[in-house]
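S.K.: Here is a sequence together with a model predicted from it:
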Amino acid sequence: MTTDADREILADMGQTLYGTRWQSDLARALGVGDRRVREWVNGERSIPPAVWVAMEELLAERWEACRRLTRTAHKRAREELQAAMGL
């Protein structure tokens, strides 16, 4: 059974992953039609358990990408600061 809280969580996850046009992008990532995602969000259909598993995987992938990019940004900032200070 999908609750209102489940629909809100799915929307929050989708927006975090894909921004304002999240429904279309999420549908593509899950291999379903846009309409199916709208049905989940509108409460017309229950969100299948497999969607939560997929969401975990998608969020984990994004998290790892962000961590990798954060390390790169930190390294570049440190290099630029050292260069600016003549070190």
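M.R.: All right, it came through fine.

S.K.: got the contact list for stretch 19-34?
M.R.: If you take C-beta atoms under 8 Å, 6 or more residues apart in numbering as the criterion, stretch 19-34 is touched by 11, 14, 15, 17, 18, 36, 37, 38, 41, 51, 54, 58. C-beta: built from backbone N, CA, C; applies to glycine.

S.K.: out of those residues, which are buried?
M.R.: Buried residues within the contacts of stretch 19-34, counting neighbours by 16 or more other C-beta atoms under 10 Å: 11, 14, 17, 18, 36, 37, 41, 51, 54, 58.

S.K.: Closest to residue 73 out of those?
M.R.: Distance ranking of those against residue 73, using C-beta to C-beta, places residue 17 first at 20.1 Å.

S.K.: burial count for residue 52?
M.R.: Residue 52: 14 surrounding residues under other C-beta atoms under 10 Å.

S.K.: correction: residue 39
M.R.: If you count neighbours by other C-beta under 10 Å, residue 39 ends up with 15.

S.K.: Next one: residue 1, what pLDDT does it get?
M.R.: Note for residue 1: predicted pLDDT of 81.

S.K.: which parts of stretch 12-29 are buried?
M.R.: Neighbour-count burial for stretch 12-29 flags 13, 14, 17, 18, 22, 23, 25, 26, 27, 29 (criterion: 16+ other C-beta under 10 Å).

S.K.: What mean pLDDT does it get?
M.R.: For stretch 12-29, the per-residue pLDDT values average out at 97.

S.K.: what's the offset of it from the middle of its chain?
M.R.: 7 Å (C-alpha atoms, centre = their mean, to the nearest Å).

S.K.: One more: stretch 25-41?
M.R.: The chain centre lies 14 Å from the centre of stretch 25-41; the measure is C-alpha atoms, centre = their mean.

S.K.: Just the terminal-to-terminal distance for that stretch.
M.R.: 14 Å (C-alpha to C-alpha, to the nearest Å).
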